[in-house]
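Engineer: The following comprises the amino acid sequence and a computationally predicted model.
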Amino acid sequence: MPRLGYAALACVTISLSVASQVTAQSPTVPPLPTTARRPVTDTYHGVAVTEDYRWLENWDDPAVRAWSDSQNAHTRAFLDALPARAAIAREVRDVFAGNSAHYSSLTRRANVLFALKFQPPKQQPLFVTMRSPDDPSTEHVLLDPSVYDTTGGTTIDFYVPSPGGSRVAISLSRGGSEDGTLHVFDLGTGAQLPDTIAHIQYPTALGSVAWSGDSGFYYTRYPHPGERPEADIHFYEQLYFHRLGTPDSTDTYALGKDFPRIAEIFVSGTPDGRYFLASVNNGDGGEVEHFVRGPTAQWTQVTSFTDQATRATLGRDGFLYLVSLRHASRGRVLRIPLDRPRLDAAEVVAESDSGAIQDIFVAGTQLYVLEVAGGPSAIRRIDLQSHRQVSLPLAPVSAVSEIVSDSSATVLYEAQSYTTPPAWYRYDPTTNSVRRTALFVTSPANFADVEVVRVFVTSRDGTKVPMTILQRNGTKRDGQNPTRLWGYGGYGISFTPGFQPLLRVWLSQGGVYAIANLRGGSEYGEDWHRAGNLTNKQNVFDDFIACARWLNDNHYTNPDRLAIEGASNGGLLMGAALTQHPELFRAVASYVGIYDMLRVELSPNGAFNTTEYGTVKDPQQFRALYAYSPYHHVVDGTRYPAVYLRTGEHDGRVDPMNSRKMAARLQRASSSGRPILLWTSSSAGHGFGTPLDERISVFADVSAFLFDQLGVTYRPAGRPIP
């Protein structure tokens, strides 16, 4: 079917109301499958816990797959029957088609600049080279993943060029699985070398590569079949060395046999191949230790998990730079000589009251410190010789996502805000000047009429929680605005400003969009993170509930026009919010979420999560987990909001069984008559590598669902709102 342009769409008006024209009981929508109840009881520390849907965990059971297919049929028919859905999909596709190319993951090697390029209608980013960010005309496409997979399901996990820039190692995975195979390409000829290494990456610990010259590299490696029991194949990551032209079966062990089962290793090296750094995470809770290898060919441990050193980078000046959280929740920077790598080193950047250190980057004699203060970013440059500090100019309420070297002196960084698209800038420390390069995004989504409001909400225990609100200029605070509230709060991940062109679709319909910067992230440093993890997780939910109430109390919206959204750890937040306060929301959209906190650690990546959430093996942590586990707090006969749950069949980060069990439990329990929908994608995982067409479909589904539930009258692009 051909797409309609903006002019044609402007001639169409589709009206929806709170009482939708399509209901879950409509004869056009297949009924929900009957879900059998098979009670199973477990006992934890003397507490008996019974559940009915344990059987839905087994994806290999044909009955589970048939049940999932029936859920998909019901959900697909329900969403497709919403009158606005097709028009929204056309508008979203037009927005994507109008966006210029977005370049990310830039890396400079000699005279070559490498990048990933996302350019619709391509389903996946391309791997490209160019001479300069000021001259995209020199661009050359080295790898288009669609060559490997015409369905668009293959994506680039990561790439690493060799020091001389003559070769590049690229990990490719399919179906959103993040289970990557490493390939090596010769940049001179574009030919693929015979060297391939399977299973170099997996969602539990991901993967990495560091070249030693142009003829070999260190890489992270999982156990091969027969080396460990089958249950440990996605654990015990180690470091090996591969020499080009040899089979990977002859690769040599380098490091990691004594690391924890849930170790996550990231290896990097200096461009001259003299020094290597292995950063080892103890699962996902933020504990890190570091090892360096120099010309002596020995790996030396520099920090342990108890040292509270997190981010680390190798300088070209013979020093290792570390972010230390010891007695400094917001972080300070240490400088350690690589020939004597001991932690009792000089401090080069003290803890700051202005922001928490998120990352560090060294270019020549300049140290760049990326900080965050409640969400927005800032960059400080420290001259390592004069110790003079300079703040780089950034727009208000903006964020910097990457900093890379462009020459011996200048650096490139990507910045964006909620209302301005991403752009790469060149910064010259010798003149303290900034100039935008030719690598910037243009978009048909114009946010000139949108205001960004920053507020601080008082949580249950008195903590001030930042929240950002996007709305069109002149939006009335009459309590009637359809509003979406997004939250995450976990893993020390800070939610920073980002340009989301598809939000234009929501804002153009009179919607309000809010982002809550909750505890559990690191928007204010490690104390902010620790206040929302392990047995403190309930603080995250309290922060989010406080933000929802603030929007209602300050007349932005009301519970019948408020929807909440979150993904992954944010999906856990959605489950906790809807089970603890179902009266506050009309609709919930939750993606690849965690809901059964008592059994999540039994899946491979769930074991890595125990350092963030806790484990049922510990009595105190079990009590905290059981107190908020969403699946276990669904109550029969409760008027739950409308719920849309989405998961991916190939998700290796959050087992899809969470969504299946949560959907079944809510469908049985809810007395509101509002839809409880579950969609399982057969071609996606946790979200990484999702093809463009599916991303468009997802956004159209969610938007149509929320417009329907919040009583929004959808008018296609170009039609003014009265």
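Structural biologist: That came through fine.
Engineer: For the rest of this, base every contact and every neighbour count on C-alpha atoms.
Structural biologist: Fine.
Engineer: Pull out the buried residues from stretch 295-302.
Structural biologist: By neighbour count on 16 or more other CA atoms under 10 Å, the buried set for stretch 295-302 is 299-300, 302.
Engineer: Pretty sure residue 691 sits against residue 125.
Structural biologist: No. Taking contacts as CA atoms under 8 Å, residue 691 lies outside contact range of residue 125: 9.6 Å.
Engineer: what about residue 452, neighbour count?
Structural biologist: 17 (other CA atoms under 10 Å).
Engineer: So in terms of bridging, what pairs with it?
Structural biologist: For residue 452, the beta-bridge partners are residue 470 (DSSP bridges).
Engineer: my guess is it contacts residue 475, does it?
Structural biologist: No. Using CA under 8 Å, residue 452 is not in contact with residue 475; the gap is 11.9 Å.
Engineer: mind listing the strands for the stretch 451-600 of the chain?
Structural biologist: Along the stretch 451-600 of the chain, counting by DSSP state E, counting those that start in this stretch, strands occupy 464-472, 483-486, 512-516, 562-567, 587-591.
Engineer: which of the buried residues of stretch 295-302 lies closest to residue 517?
Structural biologist: Using CA to CA, residue 302 comes nearest to residue 517 of the buried residues of stretch 295-302, at 33.3 Å.
Engineer: contacting residues for the closest one?
Structural biologist: 289-292, 341-343 (CA atoms under 8 Å, 6 or more residues apart in numbering).
Engineer: Between the residues you listed, which sits nearest residue 617?
Structural biologist: Looking across these and measuring by CA to CA, the closest to residue 617 is residue 289, at 24.7 Å.
Engineer: Let's see the pLDDT reported for that closest one.
Structural biologist: For residue 289, the model assigns a pLDDT of 97.
Engineer: Now do it against residue 278, distance only.
Structural biologist: Going from residue 289 to residue 278 by CA to CA, to the nearest Å gives 8 Å.
Engineer: Tell me where the model's unsure across the protein.
Structural biologist: For the chain, the stretches with pLDDT under 70 are 1-27, 717-722.
Engineer: Can you report how many residues neighbour the closest residue to residue 354 other than its chain neighbours?
Structural biologist: Distance criterion CA to CA, 6 or more residues apart in numbering; nearest residue to residue 354, sequence neighbours excluded, is residue 373 at 6.8 Å. By other CA under 10 Å, the residues close to residue 373 number 22.
Engineer: buried stuff in stretch 503-512?
Structural biologist: 503-512.
Engineer: same deal with stretch 658-668?
Structural biologist: 658-667.
Engineer: next one: stretch 305-319
Structural biologist: Neighbour-count burial for stretch 305-319 [16+ other CA under 10 Å]: 308-316, 318-319.
Engineer: which two in those residues are spaced the farthest apart?
Structural biologist: The span of the buried residues of stretch 305-319, defined through CA to CA, is set by 308 and 316 at 24.1 Å.
Engineer: of all the buried residues of stretch 503-512, which comes closest to residue 458?
Structural biologist: residue 512 (20.4 Å).
Engineer: so what's that closest one up against?
Structural biologist: Contacts for residue 512 (CA under 8 Å, 6+ apart) come out as 469-472, 481-484, 506, 556.
Engineer: which residues does it bridge with?
Structural biologist: residue 483.
Engineer: quick one: it from residue 224, how far?
Structural biologist: Counting by CA to CA, the gap from residue 512 to residue 224 is 50 Å.
Engineer: follow-up on the earlier one: in the contacts of residue 512, find the pair that's most separated.
Structural biologist: 506 and 556 (15.2 Å).
Engineer: tally of neighbours for residue 171?
Structural biologist: Applying other CA under 10 Å, we find 26 residues neighbouring residue 171.
Engineer: swap that for residue 47, sorry
Structural biologist: Neighbour tally, residue 47, other CA under 10 Å: 12.
Engineer: if we can go back for a sec, of residue 691 and residue 125, who's got more company?
Structural biologist: residue 125 (26 against 22).
Engineer: Now do the contacts for the more buried one.
Structural biologist: 116-119, 144-145, 155-156.
Engineer: now with 10 Å?
Structural biologist: Contact partners of residue 125, counting by CA atoms under 10 Å, 6 or more residues apart in numbering, are 101-104, 115-119, 143-146, 154-156, 689, 691-692.
Engineer: taking those one by one, which sit in helices?
Structural biologist: Judged by DSSP state H, the subset of the contacts of residue 125 located in helices is residue 692.
Engineer: surely residue 448 meets residue 470?
Structural biologist: No. Assessed by CA atoms under 10 Å, residue 448 is found out of contact with residue 470, at 11.8 Å.
Engineer: Overlap of the contact sets of those two?
Structural biologist: Common contacts of residue 448 and residue 470 (CA under 10 Å, 6+ apart): residue 419.
Engineer: just to confirm, which helix or strand has residue 108 in it?
Structural biologist: strand 102-109 (DSSP states H and E).
Engineer: Just give me how far that strand sits from the chain centre.
Structural biologist: Counting by CA atoms, centre = their mean, to the nearest Å, strand 102-109 is centred 19 Å from the centre of its parent chain.
Engineer: What strands line up against that strand, and which way round?
Structural biologist: Strand 102-109 sits in its sheet next to strand 112-118 (antiparallel), going by DSSP bridges.
Engineer: Now do the helices in the chain.
Structural biologist: All helices of the chain, identified by DSSP H, fall at 6-10, 62-80, 85-98, 503-507, 526-530, 538-553, 569-580, 604-608, 610-613, 619-628, 657-669, 692-710.
Engineer: Can you name every helix or strand that the shortest one contacts?
Structural biologist: Counting by 3 or more CA pairs under 10 Å, 6 or more residues apart in numbering; DSSP states H and E, the packing neighbours recorded for helix 610-613 are helix 619-628.
Engineer: before we move on, what about the fourth one?
Structural biologist: Using 3+ CA pairs under 10 Å, 6+ apart as the contact test, the elements touching helix 503-507 are helix 85-98, strand 464-472, strand 483-486, strand 512-516, helix 692-710.
Engineer: Ok, the last one next?
Structural biologist: Here helix 692-710 touches helix 62-80, helix 85-98, strand 483-486, helix 503-507, strand 562-567, strand 587-591, strand 642-648, strand 676-681, going by 3+ CA pairs under 10 Å, 6+ apart.
Engineer: Now with 6 Å, please.
Structural biologist: helix 85-98 (3 or more CA pairs under 6 Å, 6 or more residues apart in numbering; DSSP states H and E).
Engineer: Also the fifth one?
Structural biologist: Using 3+ CA pairs under 6 Å, 6+ apart as the contact criterion, no secondary-structure element is in contact with helix 526-530.
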